[in-house]
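Peer 1: Show me the folded form of this:
(one chain, ligands or ions: 1)
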Amino acid sequence: MQELDRRIYLKGQEVRLRFTKKEDAQMLVDLFYQLSPQTKWLRYHWHEHNYSEEEIWQQCYKMADVDWVHRGAVIATTITPSGECCAVGVAQVARVRAEDTEAEAAIVLRDDFQKKGLGKYLLRILSDKARQMGITHVVGWVMPENIYLMKLVRRFGLEIETKTEYGERKVRVTL
Ligand SMILES: CC(C)(COP(=O)(O)OP(=O)(O)OC[C@H]1O[C@@H](n2cnc3c(N)ncnc32)[C@H](O)[C@@H]1OP(=O)(O)O)[C@@H](O)C(=O)NCCC(=O)NCCS
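Peer 2: Numbering: from 1, shown residues only. Model prediction:
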């Protein structure tokens with residue numbers, strides 16, 4: 001698989017974009033704990049206390065340990081003023097069977113990295129890789145109040161179907 005190592009600048013701050021690797025699990029756990037309750041709600045549709053530490057680890061480990069057959073993920077990292085590398089966003093795609101052409105996709109950015117256009121970079125890389133995996137449609141579960149995600153997805157100009165199920169919006173995008 002071709003590696004990705006891209007640097008972008010968001011309001012002067014350098015952000016590195018690359019595919020996740022196993023060793024990123026800890027950074028993804030740290031990212032989870034830095035998200036505001038509102039961001040956690042929009043992404044996971046659950047509140048923090050609904051998750052055990054073990055479940056959070058399992059989720060993050062799955063995001064880090066990708067095979068690009070069933071799962072893939074792109075991570076955005078930056079360097080803190082004290083020189084440490086930390087995750088500021090991640091976008092992932094996952095399907096049940098290797099032959100499935102439909103997969104679930106999700107994205108989350110740390111609150112201070114939202115509204116800066118980072119989501120567009122992550123989703124563009126992820127959708128290109130998803131196409132290479134043979135995925136033709138991605139599905140995401142979005143809270144009805146999440147206008148930010150809808151604005152972002154609409155900017156890609158792809159065909160979008162939406163339907164409401166169990167109080168959440170199911171968004172299906174043709175890649
Ligand atoms: C949804 C999300 C991925 C969008 O990524 P992003 O890089 O912030 O997107 P953009 O910078 O292109 O912003 C998209 C639009 O939403 C607005 N927006 C994004 N985050 C916002 C926030 N927290 N508060 C208010 N407006 C916000 C932007 O101003 C922009 O509006 P505009 O088109 O009128 O300028 C990101 O906000 C996020 O991580 N949200 C929390 C998790 C989530 O909702 N995940 C999706 C469900 S899987």
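Peer 1: What sits closest to residue 124 if chain neighbours are left out?
Peer 2: Nearest residue to residue 124 in three dimensions, chain neighbours excluded: residue 156, at 7.8 Å (C-beta to C-beta, 6 or more residues apart in numbering). For glycine as for every other residue, the C-beta is placed from the backbone atoms N, C-alpha and C.
Peer 1: Check residue 169 too.
Peer 2: Leaving out its chain neighbours, the residue that sits closest to residue 169 by C-beta to C-beta, 6+ apart is residue 142, at 4.6 Å.
Peer 1: is the ligand contacted by the top helix by length along the chain?
Peer 2: The residue-count maximum for a helix in the chain (DSSP state H) belongs to helix 118-132. Yes - contact of helix 118-132 with the ligand (C-beta under 6 Å from any ligand atom) involves 118, 119, 120.
Peer 1: The second one: what's it in contact with?
Peer 2: Contact partners of residue 119, counting by C-beta atoms under 8 Å, 6 or more residues apart in numbering, are 89, 91, 107, 109, 149, 152.
Peer 1: ok, and which of those reach the ligand?
Peer 2: Near the ligand, by the rule C-beta under 6 Å from any ligand atom, you find 107, 109, 149, 152 out of the contacts of residue 119.
Peer 1: Give me every residue in the chain lying close to the ligand.
Peer 2: 39, 42-43, 106-109, 114-120, 140, 142, 146, 148-149, 151-152.
Peer 1: Only the buried subset of those, as a PyMOL command please.
Peer 2: Buried residues among those (16 or more other C-beta atoms under 10 Å), as a PyMOL selection:
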select buried, resi 39+42+43+106+107+108+109+114+116+118+119+140+142+146+149+152
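Peer 1: Which of the residues of the chain next to the ligand fall in helices?
Peer 2: Those of these lying in helices (DSSP H): 39, 42, 43, 118, 119, 120, 148, 149, 151, 152.
Peer 1: show me what contacts the first one?
Peer 2: What it means is residue 39. 108, 109, 110, 111, 114.
Peer 1: And residue 74, how far from residue 129?
Peer 2: 8 Å (C-beta to C-beta, to the nearest Å).
Peer 1: which residues are common contacts for these two?
Peer 2: residue 19.
Peer 1: Spit out the contact partners of residue 15.
Peer 2: Residue 15 makes contacts with 7, 8, 9, 76, 77, 78, 88, 113, 118, as judged by C-beta under 8 Å, 6+ apart.
Peer 1: Before I go, just wanted to say thanks for your time.
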